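Asks: pasted the sequence and its predicted model underneath.
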4 protein chains.
Amino acid sequence: MSLDLETARTIIAGARAHASEAGFKPMTVVVLDDGGHVVAVEREDGSSMKRFEIGFGKAHGALSLGMGSRSLMGRAEQQPYFIAAVTSAVGGALVPVPGGVLVRDGDGALLGAVGITGDTSDNDEAAAVAGIGAAGLTAQVD
Amino acid sequence: MSLDLETARTIIAGARAHASEAGFKPMTVVVLDDGGHVVAVEREDGSSMKRFEIGFGKAHGALSLGMGSRSLMGRAEQQPYFIAAVTSAVGGALVPVPGGVLVRDGDGALLGAVGITGDTSDNDEAAAVAGIGAAGLTAQVD
Amino acid sequence: MSLDLETARTIIAGARAHASEAGFKPMTVVVLDDGGHVVAVEREDGSSMKRFEIGFGKAHGALSLGMGSRSLMGRAEQQPYFIAAVTSAVGGALVPVPGGVLVRDGDGALLGAVGITGDTSDNDEAAAVAGIGAAGLTAQVD
Amino acid sequence: MSLDLETARTIIAGARAHASEAGFKPMTVVVLDDGGHVVAVEREDGSSMKRFEIGFGKAHGALSLGMGSRSLMGRAEQQPYFIAAVTSAVGGALVPVPGGVLVRDGDGALLGAVGITGDTSDNDEAAAVAGIGAAGLTAQVD
């Protein structure tokens, strides 16, 4: 468990603070360790029913291919059949739009990923980057 | 269970009456609570084999993302890979064409969703809106 | 669609009336046609979240093997591995306790099945039998 | 979303405080709304890889049948084939040992469920009850 719970809580708090200040819609924030397993989740009031699954899919997809979900979107636009196939191959949890961001330490070591959903994909990603920054870590969006 | 059975039955009766008066094809009407679970279903004679699953997918998709299935269609036209991915992430039940309509009370609180299938998507949606209106509630189509 | 919607509604009304008079807990009643597809469902207020899936599993299991779900229970007690394997083979929807009852016409022709859940399995079955009787049809519990 | 995020966070904090004071092993705490959807999760350092899925299964199973997971264990001991079948019918997420506890308000209305895993099942349940109490709500363990 490369990303500890206190770090995950700091990331979530930072992401939510950014979203609140920016006036984003209610967010769901999912933090996974480097094995793709849940460390912490918070779904804000009014964030719809399956937002956990969507945030999980962004972060899980990012970890699956080792790139931020913004790159998965680029690939989906070029080769939709590839992303469809990988989604199936990894068990269904891969959402190829921005908001799934890899978390690295100062040496570039992979610690885990954050997946956020609720507002536009660009805003979701901005909140993830803010949260990772609040924990003193490095965000990889693509 | 935010949407009670009597309300669901009223919605179904209202939707079927609208469809009958308008001369629509045989309809299947699915009513879900705000957690996406079945409250009531009626499939009219001649409505084909898997119409329950299609109506369920419209309503379940609407609740999953917190918007009517007409908006899911718009998103599918812009980013088909996103809707494909979310369909997988939520377990397969998301049909992104009109006819999945959110049900809200007078204060805007989410009670559940109606999914209708059988005629054109626009007509399916019109029947859903009529049924929700018959129960004195507010329909959100997008 | 061998079991029409009006018949399904009559079965549901009869089953619910029996349950109400007998003081049973809140019931969920699922009616399937002879192809195992949903015709009508009603989940009473207070009947828990996944009761549709359980009632569906009773009725679907009954149709899958051509016997009431009481017989499936007998088989499960004798050969649990057989019922587990069939459950998997039919896609997961087979609940081997009483309450899944086949519906036949006066000539013995199979029309569909009713699945009820909410109280004890014996009471669930009694409500199903009452509902099928209210429609003037024949119940097969095992 | 019947159980808001602040309440979920209070439940998690209360459950973790109880576990820490009692010297329990590292815990994973999952809080679901009354539709079985994730509101908040925290997995403590050292809590193993799939603990989210186990805690989710306890809470989701409790909501599925409308009883605490301690009752699911009782049923599993009497009719293992029934619990196996229901697990399949609800999609796989049902863990029938103590630690999945329903959350009700002062009027008895169902708000959601807590699923905890990490120590013995009895200790997991005790932590859940403590967390629910910390939020001023009522725990239903069976």
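Replies: Sure thing, it's come through. Residues are numbered from 1 along each chain as shown, chains lettered A, B, ... in the order given.
Asks: contacts only, for whichever residue of chain A sits closest to chain C.
Replies: Across chain A, no residue is closer to chain C than A:M49, which sits at 12.7 Å (C-beta to the nearest C-beta). C-beta coordinates here come from the backbone N, C-alpha and C atoms, glycine included. Counting by C-beta atoms under 8 Å, 6 or more residues apart in numbering or on different chains, A:M49 makes contact with B:D34, B:G35, B:G36, B:L63, B:S64, B:G66, D:G35, D:H37.
Asks: so the second one touches D:H37, yeah?
Replies: Looking back up the chat, that one is B:G35. Yes: under the criterion of C-beta atoms under 8 Å, B:G35 lies in contact with D:H37, with a separation of 6.6 Å.
Asks: higher neighbour count, the two?
Replies: Under the neighbour definition other C-beta atoms under 10 Å in any protein chain shown, B:G35 and D:H37 were set side by side, and D:H37 has more, 25 against 22.
Asks: just the pLDDT for the nearest residue to the more buried one once chain neighbours are set aside.
Replies: The spatial neighbour of D:H37 that comes closest, neighbours along the chain excluded (C-beta to C-beta, 6 or more residues apart in numbering or on different chains), is A:M49 at 5.2 Å. On pLDDT, A:M49 comes in at 97.
Asks: likewise the one 4 residues further on?
Replies: Reading off the per-residue confidence, A:E53 sits at a pLDDT of 98.
Asks: A:M1 too?
Replies: A:M1 is assigned a pLDDT of 56 by the prediction.
Asks: please identify the helix or strand for the closest residue to A:P80 other than its chain neighbours.
Replies: Once its chain neighbours are removed from consideration, A:P80 has its nearest residue in B:Y81; the separation is 5.0 Å (C-beta to C-beta, 6+ apart). Under DSSP states H and E, the secondary-structure element containing B:Y81 is helix B:80-89.
Asks: give the buried residues for that helix.
Replies: Residues of helix B:80-89 classed as buried under the neighbour-count rule (16 or more other C-beta atoms under 10 Å in any protein chain shown) are B:Y81, B:F82, B:I83, B:A84, B:A85, B:V86, B:T87, B:S88, B:A89.
Asks: can you tell me the closest non-neighbouring residue to the fifth one?
Replies: Closest residue to B:A85 in three dimensions, ignoring its sequence neighbours and counting by C-beta to C-beta, 6+ apart: A:V95, at 4.6 Å.
Asks: the one you found and B:I83 touch, don't they?
Replies: No: because the distance of 10.3 Å does not satisfy C-beta under 8 Å, A:V95 is recorded as not touching B:I83.
Asks: quick check: end-to-end length of stretch A:128-142?
Replies: Criterion C-alpha to C-alpha, to the nearest Å; first-to-last residue distance in stretch A:128-142 is 13 Å.
Asks: quick one: distance of it to the chain centre.
Replies: The gap between the average C-alpha position of stretch A:128-142 and the chain average comes to 10 Å, counting by C-alpha atoms, centre = their mean, to the nearest Å.
Asks: so for A:N123, what's the pLDDT?
Replies: At A:N123 the predicted local confidence, pLDDT, stands at 98.
Asks: count of residues packed around it?
Replies: Residues contacting A:N123 under the criterion other C-beta under 10 Å number 20.
Asks: again with A:G99
Replies: A:G99 sits with 34 neighbouring residues when counted by other C-beta under 10 Å.
Asks: was I right about it contacting A:S121?
Replies: Yes: contact between A:G99 and A:S121 holds when scored by C-beta under 8 Å: they sit 5.3 Å apart.
Asks: A:D122 touches A:P98, doesn't it?
Replies: Yes: with contact defined as C-beta under 8 Å, A:D122 reaches A:P98; the gap is 5.9 Å.
Asks: what's the spacing between the residue nearest to B:A85 and B:L102?
Replies: Using C-beta to C-beta, to the nearest Å, one obtains 22 Å as the distance from A:V95 to B:L102.
Asks: looking at these two now, which is surrounded by more residues?
Replies: When A:V95 and B:L102 are compared for neighbours, A:V95 comes out ahead with 33 against 26, by other C-beta under 10 Å.
Asks: contacts only, for the closest residue to A:R104 other than its chain neighbours.
Replies: What sits nearest to A:R104 in space, not counting adjacent residues and going by C-beta to C-beta, 6+ apart, is A:T138, at 4.4 Å. The neighbourhood of A:T138, defined by C-beta under 8 Å, 6+ apart, consists of A:V103, A:R104, A:D105, A:G106, A:G108, A:I132.
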